[in-house]
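Student: take this sequence and fold it.
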Amino acid sequence: MPPKPKSPAKGKKGKLSKAEKERLKKEEAERKLQEEEEARLKAEQEERERLERERLEREERERIEAAESQRHCAEVAELKSILEGNKNALYNMHEQRRSKAKWDRYMQCSGSPDPTIAPEINTYINLWKEDTQKSGIDVVLEESKQTLALIAELEFLIEDMPEEKCDESMVERYRETIVELQNLLTIKLDEATCILLKDASSMADSETGNLQLVKSNPVINMMLWGNLTKNPRFKSFEFEEQHFIFELPKQLALTDIAIRIIHTKYDHFSHLCRTFWPKKKKKPQTPPEEDVHGMEEKMDEGQGAAGESEEKEDGEKEGGEEEVEEKAEEPTEEKENTEDKGDENGEGAETSATQKEGEPGEGDGDAVVEEEDEEDEDELDDLDDEDTVDMRAYQVLGGVVHFDLLCLPPQPKQVKSWLMTQVTMDELKRVPYAADSNKLGLSLSGNMTMTMGQTLDPKAVANAAAAAEALGAPPVGVTLKLPDNVLFSEEPQMAYWSHDRKQWRLDGFVDVKFDEESRMLSFKTVNFGPLACIQDKHINMPFQSWELRPIGADHARFTIIAAIIEAEIEIKGPLCCFKQTADSDFRSELDAIRGKWMEPRELIKVLKNTGVNLFPEDDSKKYVSISEKDPDVENGLYQQMALTASHFAYSWSKWNTESGTERIILQGCEKLEDDIPLDRKEEWALLMVSRERAMKLKMTEYEEEFSDVHAEGSQVRLGRMGITDGE
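Tutor: Predicted structure coming up:
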C-alpha cells in the first residue's frame, strides 16, 4: 500500500512577510486612533450634555427664583401685615386681661392690701408683725393663706410684665416685698411654735408623755414633737398620717429638745441662690465720640514721637529706658503712701480713696452696680465646690421640709394650787447639733457625694457614720413619703439649705434609700434646717422626636417623645391641655393636671412643679448636647409653623442634626381634611429652611444620603419662608 501524502500545512506555520507585518501594525495603530477619537467624541458629548443639563437646571432655578422674587415683595408685605395684626391682637388681649385684673383688684372688698402699693403692703407687714394676738398657730396658718396669695400675686406681676414696659426698679421693689413677706411668714411660724413649746406639758400625749402635735392647712403641714419624758430607751417616732419618721441618737433623747417638721408646698429659698437667675449678657461699652477723637489724636502724637525716637542714638535710648523705669516706680510708691495714709485716717480716708480710684461719678451708678456684681460673682465662684447645687441645672421638687432641732423651754409646774412658770424670752431657739458642722459634713460626705441614681458603698457609709459619732454627733435618721402628685423620673437626691452661703448643698447625707412602690425615702444626716429633693431639670432632654398635627381651625396637637416621658399637649385657641400618649406608661402622679385646660404660662409652671420639664431655657445648651441652629432662622420658622398649624402637619427629621447651624430640616404635610390620619410615609415631604430660602427637597426622610436638590415642580421661597433678613 503506497504511503499517504503529507499535508503541507500540518505541523508548520507560515511566516509573515515584512510587508504583512507593517500592514498589521498600521491597521492596529489606525484602530487605536479610531477608538481614542470615539472616546474623545463621547467624552465631549457627555460634557456638552452635562453643561447643558446644568445650564437648564441653573436657568430653571433662576427662573423659579426670579418668579419667587417677583412674588416676594407682595407676600412679605402681606405677611408683615398678618404678623403685625396678630402681635397687636395678642398685645391688646393681654392688656385687656391686665386691666380687668387691676380693676377687679381695686374693687375687692376683702380687706386684702394691694402688694403693688408700698404704703398698703408695709402697713400690712408691720401690723401683723407687731400684733401678738395673731401669733397662735391656727391664726397664723389661716393668715398665711393671704400672705402666700400676696406673694403669688407679686410673682405673677413680675412674670406677666411686658418687656416694653419692664421697669427694673419696680421689679426690684416687688422682689424685695416678696422677701419681706416670706420672712414675715417665717417669723410668725416661729412665734406660734414658741407659744406651743412653752405649754407643751399641757398637750402631752397620755401614752408616751411627750408632745405630739400636728397642725396643717392645704399648703403648710406642721408636725411638732417635744421630749418631755427624756426616755433613754427612745429610738424613733412616727407621725403616722403624715408618713414621717425620725430617729434620734441617745445624746438627743436625754436632753430638753423638740423636733419641728414643717412641710411646705412652696420653695422660698431657691430664688435666693446666685445660680437661680440666668446670667445677663454683657453689652460692649462704646466710648463717647469725644473720647474716640482724643484717643486718635494721642495715637497720632505717639506715632510722631515714635518716628523721632528712631532717629536718636543708642545711648539716648538707654537713658530714656532708665527714665521710664524710674517713672514706673513712682506710682507704686505713691500708692503705698496712699494706703498707709488711709490706714491712719480711718474709714473716711478709705472711702475717699475708693471713690477716687475705683468708683465712677454719680452719673455712672449703673456701671458701679455691674462692676460690684461681677466682683461678687468672682468671689462666690471661688467658694463653690462639687457639693454646691447649680440651680440652672437642677430644681427643687415636692416642696421643702423644714427639719428643725429646737430647745424645749422650761415647762409650768403645779405646786399645790400654784402654777409656777419660769419666765423666758419669747424667741424660738434652735439647737446647734454639732460644735463643728463643717467637720461633720465632711466626715459624712467626703468623697461620697451622690449623683442621680448612684448607690453608696455600705462600708463607706459605716465608716462615715462612725467618724461622725466620734465627733460627738451621730447622724439622725429620717424617713418620709414623697408627694403623690410629683413625678420623680430618677432616684431623688437630697440637699440642704445653707443660710450662710445662700445655696443648696449635697454634703452631709448618707444611707439614702428610696422605695419606688411606697414612695418612701429614708436617709441619715447631721443637717438640720430646710431639706429638699432635687432633680435634673434636663432629664427629659434632648427630645427623641416631636410632631405637630392639626385637628381643626386654631386647634392642634403637639406630641413630644422625650428621653423618659411621652407627652401630648392639645392646643385650642388661647388654652392648652396636657395629656399622655396612648402608648405611654400611665403615671398616677399626673392625674391632677391631666385633661385640665389652662393658659400656656400656667401650664408650663404646673408641669415644671410636677416634675415634667419639657421647656428648655436660653442656657440649656450648656447642660444638654444639641444641634444648635441660627436663632433668627428658628424663630422665623416657629412663626410660620404657628400660622399654618391649622392645615399643615410638621414633624422632626433625622437629617436636622447633620445639616449644620445655618439650615433646619423638618418634615411637613398638608392636611386639608380632619379625618386624614397622615400615617403614610409618602405623604410627608422633607423641607429645608435657611436664612436665604425655604424649599421642599427631592429626597425623602428614609434615604441613606442627604441631598439639598429641591423637588421638581415645587416653589423656592426666599428669605426664611417669606421673612426678610432684616426682621
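Student: output stretch 587-604 as PDB - backbone C-alpha positions only.
Tutor: Output of stretch 587-604 as PDB, limited to C-alpha atoms (Å, rounded to 0.1, in the frame of the first residue of the first chain):
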ATOM      1  CA  ARG A 587     -48.400  57.800  85.600                       C
ATOM      2  CA  SER A 588     -50.700  58.400  88.500                       C
ATOM      3  CA  GLU A 589     -48.600  61.400  89.600                       C
ATOM      4  CA  LEU A 590     -50.000  63.300  86.700                       C
ATOM      5  CA  ASP A 591     -53.700  62.700  87.400                       C
ATOM      6  CA  ALA A 592     -54.100  66.200  88.900                       C
ATOM      7  CA  ILE A 593     -53.100  68.000  85.800                       C
ATOM      8  CA  ARG A 594     -54.100  65.600  83.000                       C
ATOM      9  CA  GLY A 595     -57.000  66.900  80.900                       C
ATOM     10  CA  LYS A 596     -57.200  70.400  82.500                       C
ATOM     11  CA  TRP A 597     -57.300  73.400  80.200                       C
ATOM     12  CA  MET A 598     -55.100  76.400  81.200                       C
ATOM     13  CA  GLU A 599     -53.100  79.200  79.700                       C
ATOM     14  CA  PRO A 600     -49.600  78.300  78.300                       C
ATOM     15  CA  ARG A 601     -47.700  80.200  81.100                       C
ATOM     16  CA  GLU A 602     -49.700  78.400  83.800                       C
ATOM     17  CA  LEU A 603     -49.300  75.000  82.100                       C
ATOM     18  CA  ILE A 604     -45.500  75.400  81.900                       C
END
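Student: ok, and what's touching it?
Tutor: Identification of contacts with stretch 587-604 by Cβ atoms under 8 Å, 6 or more residues apart in numbering yields 159-160, 484-487, 565, 569, 572, 574-580, 606-607, 610-612, 615. Bear in mind the C-beta positions are built from the backbone N, C-alpha and C, glycine included.
Student: just checking, which of these belong to strands?
Tutor: When the contacts of stretch 587-604 are checked against strands (DSSP state E), the matches are 569, 572, 575, 576, 577, 578, 579, 580.
Student: ok, of the contacts of stretch 587-604, which come out buried?
Tutor: The neighbour count (16 or more other Cβ atoms under 10 Å) marks 485-487, 565, 569, 576-580, 607, 610-612 as buried among those.
Student: and those residues, which is the shakiest by pLDDT?
Tutor: In this model, the minimum pLDDT among the buried ones among the contacts of stretch 587-604 belongs to residue 580 (85).
Student: for the one helix or strand residue 638 maps to, the distance to its chain's centre please.
Tutor: Element membership for residue 638 (DSSP states H and E) is helix 631-644. Relative to its chain's centre, helix 631-644 lies at 22 Å (Cα atoms, centre = their mean, to the nearest Å).
Student: can you tell me which of the ones in strands among the contacts of stretch 587-604 is nearest residue 49?
Tutor: residue 569 (53.1 Å; Cβ to Cβ).
Student: identify the residue spatially nearest to the closest one, adjacent ones excluded.
Tutor: Closest residue to residue 569 apart from its sequence neighbours, by Cβ to Cβ, 6 or more residues apart in numbering: residue 558 at 4.6 Å.
Student: what's the helix or strand for that neighbour?
Tutor: Using DSSP H and E, residue 558 maps to strand 555-561.
Student: can you list the helices and strands that that strand packs against?
Tutor: strand 545-552, strand 566-572 (3 or more Cβ pairs under 8 Å, 6 or more residues apart in numbering; DSSP states H and E).
Student: looking at those, which is nearest to residue 427?
Tutor: For those, proximity to residue 427 was assessed by Cβ to Cβ; strand 566-572 is nearest, at 48.8 Å.
Student: quick one: buried residues of the closest one?
Tutor: Buried positions in strand 566-572, judged by neighbour count with 16+ other Cβ under 10 Å: 566, 567, 568, 569, 570, 571.
Student: one more: stretch 655-664?
Tutor: By 16+ other Cβ under 10 Å, the buried positions in stretch 655-664 come out as 655, 656, 659, 663, 664.
Student: what would those look like in CSV with distance to residue 261 and secondary structure?
Tutor: Formatted as CSV, those follow (distance: Cβ to Cβ, whole Å; DSSP: H, G, I helix; E, B strand; the rest coil):
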residue, distance to residue 261, secondary structure
655, 54, helix
656, 49, helix
659, 54, coil
663, 56, strand
664, 51, strand
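Student: of those, closest to residue 172?
Tutor: Nearest to residue 172 among the buried residues of stretch 655-664, counting by Cβ to Cβ, is residue 664 at 38.5 Å.
Student: find the nearest non-adjacent residue to that closest one, please.
Tutor: Of all residues not flanking residue 664 in the chain, residue 689 sits nearest, at 4.7 Å (Cβ to Cβ, 6+ apart).
Student: show residues contacting the helix or strand where that neighbour lies.
Tutor: Assigned by DSSP H and E, residue 689 belongs to strand 685-690. Strand 685-690 has contacts (Cβ under 8 Å, 6+ apart) with 633, 636-637, 653, 655, 659, 662-669, 694-697, 699-701, 708, 711, 720-721.
Student: repeat that for 6 Å
Tutor: When contacts are defined by Cβ atoms under 6 Å, 6 or more residues apart in numbering, strand 685-690 is touched by residues 637, 662, 663, 664, 665, 666, 668, 695, 696, 697, 701.
Student: what is the burial count for the first one?
Tutor: Read it as residue 637. Residues near residue 637, counting by other Cβ atoms under 10 Å, number 21.
Student: before we move on, back to that, got the ones in strands among the contacts of stretch 587-604 as TSV, with distance to residue 166 columns?
Tutor: Shown next, in TSV, are these (distance: Cβ to Cβ, whole Å):
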residue	distance to residue 166
569	28
572	30
575	26
576	25
577	30
578	29
579	34
580	36
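Student: double-check that residue 103 belongs to a helix.
Tutor: Yes: assessed by DSSP: H, G, I helix; E, B strand; the rest coil, residue 103 belongs to a helix.
Student: returning to that earlier point: number of residues surrounding the residue nearest to residue 664?
Tutor: 24.
Student: cool, residue 639 as well?
Tutor: 19.
Student: same question for residue 112.
Tutor: Using other Cβ under 10 Å, residue 112 has 14 other residues around it.
Student: can you pull the contacts of it?
Tutor: residue 146 are the contacts of residue 112 under Cβ under 6 Å, 6+ apart.
Student: mind checking the SS state of it?
Tutor: Under three-state DSSP, residue 112 falls in the coil class.
Student: what pLDDT does it get?
Tutor: Looking at residue 112, its pLDDT is 86.
Student: and residue 3, by the same measure?
Tutor: 60.
Student: quick revisit: figure out which of the helices and strands packed on strand 555-561 is closest to residue 148.
Tutor: Evaluated over these, closeness to residue 148 peaks at strand 566-572, with 28.2 Å, by Cβ to Cβ.
Student: contacts for that closest one?
Tutor: Applying Cβ under 6 Å, 6+ apart, the contact partners of strand 566-572 are 555, 556, 557, 558, 559, 560, 576, 577, 578, 579, 581, 584.
Student: not counting sequence-adjacent ones, nearest residue to residue 214?
Tutor: residue 223 (5.3 Å).
Student: go ahead and flag the most central residue of the chain.
Tutor: With distances taken as Cα atoms, centre = their mean, the residue of the chain nearest its centroid is residue 392 (4.6 Å).
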